[in-house]
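S.K.: here is my input, please return the structure:
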Amino acid sequence: MPQPKSKNPVTETDLFPDDAAPSDAASTRAEYLHRSRSGYTKIRHAFVQEPPSTTRSGSRPAMLPAFARNHRAAVLYLAVLTNWTWLSRSGESLPADTWIRFLSSTKPGALTWTPQSLSHAWSVLESCRLVTRTPDYRLRKVTPLRETGDGEPYTRPEGSSENLYFVLPHEFWTRELHATLSWPALAVLLILLKESNGRPWGELAVDRAQKYYGISRTTAEEGLTELRKEGLLDSRTRYVTDHDAAEGRRQTSLHVLNDPFSMKYRQKLQSEAQQRRKGSAPKRPKKKKKKEVRSDEKPETQE
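M.R.: Modelled structure (predicted):
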């Protein structure tokens, strides 16, 4: 018996989905951070402070002073390092509008981005020898250079004595702190991430901020105040051992970062990333044991 014809037969055009909405800032960040996999970004200590050497006594400021009037350039460099994990694999070059979308936020008072401000930030990073940009058809291919500003090619730090690093959790991006923290707060956050690497607290005495990190006392005070207001920091005054002090100790300010920047949280991210790497590593095939042949047995032969 012939089947009755449908009043509204399905055509091939009905099988296509509707037009998708364009990616917004939050979804772009979520996708790119997913591609980065680890949950954090590695940053060399030398980005914040030059280590002691045989030719200089004590540590000295590194790259932070270069960003005092170029806040956007600092955020942009952190974005390059965060995305380099997957960009280095794909070889892609991102359009300016895509970088702007990754960096943008609709939160009140957020850092704004335009093609002009992005171009200026790239120029600052190039002058600081932190990135190179080369023509790639109609785009510009961005390649990071080492955090020290020495112009050497960037490699991921692995924790040797010459390549000590701290980690910046991806919550910095998902909570849009990259857009809402002022330059003083961002500078202090980077300093304390470095100083609390391997211990729950970090030292930052405001009267020594200029000498050791290249930021003014006012900048350090403003940054500490803002981080406390955001609930990201607790501070206490304590005496610490100082062999050069008359009393053998000195009074200083100690600071503990709260989640998602606490030492415990950062170590958790690193441990989870390590477990994922172990889980994704191909297992080596087990070697088959050769069957032992007893003296009273003859080995099997294949016909």
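
S.K.: how about the longest helix out of those in the chain: buried residues?
M.R.: Longest helix in the chain, counting residues (DSSP state H): helix 71-90. Neighbour counts over helix 71-90 (16 or more other CB atoms under 10 Å) mark 71-87 as buried. No exception for glycine: its C-beta is placed from N, CA and C like everyone else's.

S.K.: wait, is Thr143 part of a strand?
M.R.: Yes - Thr143: assigned to a strand according to DSSP: H, G, I helix; E, B strand; the rest coil.

S.K.: just checking, it touches Tyr154?
M.R.: Yes - using CB atoms under 8 Å, Thr143 is in contact with Tyr154, at 7.3 Å.

S.K.: okay, these two: which has more neighbours?
M.R.: Neighbours were counted for Thr143 and for Tyr154 using other CB atoms under 10 Å; Tyr154 has more, 18 against 15.

S.K.: can you name the residues that contact the more buried one?
M.R.: By CB atoms under 8 Å, 6 or more residues apart in numbering, the contact list for Tyr154 reads Leu81, Trp84, Thr143, Pro144, Leu145, Arg146, Glu147.

S.K.: got a markdown table for those residues, with distance to Phe67 too?
M.R.: Listed next are these as a markdown table, based on distance: CB to CB, whole Å:
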| residue | distance to Phe67 |
| --- | --- |
| Leu81 | 14 |
| Trp84 | 19 |
| Thr143 | 20 |
| Pro144 | 15 |
| Leu145 | 15 |
| Arg146 | 16 |
| Glu147 | 12 |
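
S.K.: quick check: buried residues in stretch 164-175?
M.R.: Leu164, Tyr165, Phe166, Val167, Leu168, Pro169, His170, Glu171, Phe172, Trp173, Arg175.

S.K.: how long is it end to end?
M.R.: The stretch stretch 164-175 measures 26 Å between its terminal residues, going by CA to CA, to the nearest Å.

S.K.: returning to that earlier point: following the longest helix of the chain, which helix or strand shows up next?
M.R.: Going down the chain from helix 71-90, the next helix or strand is helix 96-103, by DSSP states H and E.

S.K.: okay, the angle between the helix or strand following that following helix and helix 71-90?
M.R.: Counting by DSSP H and E, the next helix or strand C-terminal to helix 96-103 is helix 115-127. If you take axes from the mean of the first three to the mean of the last three CA atoms, to 10 degrees, helix 115-127 sits at 80 degrees to helix 71-90.

S.K.: could I get the buried residue list for helix 115-127?
M.R.: Going by neighbour count (16+ other CB under 10 Å), the buried part of helix 115-127 is Ser117, Leu118, Ala121, Trp122, Val124, Leu125.

S.K.: also stretch 96-111?
M.R.: Applying 16+ other CB under 10 Å to stretch 96-111 flags Trp99, Ile100, Arg101, Phe102, Leu103, Ser104, Ser105, Ala110, Leu111 as buried.

S.K.: quick one: low-confidence ranges for the stretch 51-200 of the chain?
M.R.: 53-58 (pLDDT under 70).

S.K.: 50 instead?
M.R.: 54-56 (pLDDT under 50).

S.K.: try the stretch 201-303 of the chain
M.R.: Judged by pLDDT under 50, the stretches of the stretch 201-303 of the chain that qualify are 281-284, 286-287, 289-303.

S.K.: what are the ranges of the helices in it?
M.R.: Shown for the stretch 201-303 of the chain, the helices assigned by DSSP state H, counting those that start in this stretch span residues 209-213, 217-229, 263-280.

S.K.: right, and these - which one's nearest Asp14?
M.R.: Of all the helices of the stretch 201-303 of the chain, helix 263-280 sits nearest to Asp14, with 39.9 Å by CB to CB.

S.K.: only C-alpha atoms, please: export the closest one in CSV.
M.R.: The C-alpha trace of helix 263-280 is given here as CSV (Å, rounded to 0.1, in the frame of the first residue of the first chain):
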residue,chain,number,x,y,z
MET,A,263,50.8,28.4,46.8
LYS,A,264,48.5,25.4,47.5
TYR,A,265,46.2,26.2,44.6
ARG,A,266,49.2,26.7,42.2
GLN,A,267,50.7,23.4,43.3
LYS,A,268,47.4,21.7,42.8
LEU,A,269,47.2,22.9,39.2
GLN,A,270,50.8,21.7,38.5
SER,A,271,50.1,18.3,40.0
GLU,A,272,46.9,17.9,37.9
ALA,A,273,48.8,18.9,34.8
GLN,A,274,51.5,16.4,35.6
GLN,A,275,48.9,13.6,36.0
ARG,A,276,47.3,14.5,32.7
ARG,A,277,50.6,14.3,31.0
LYS,A,278,51.3,10.9,32.5
GLY,A,279,47.8,9.7,31.5
SER,A,280,48.2,10.9,27.9
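
S.K.: no more questions from me, cheers.
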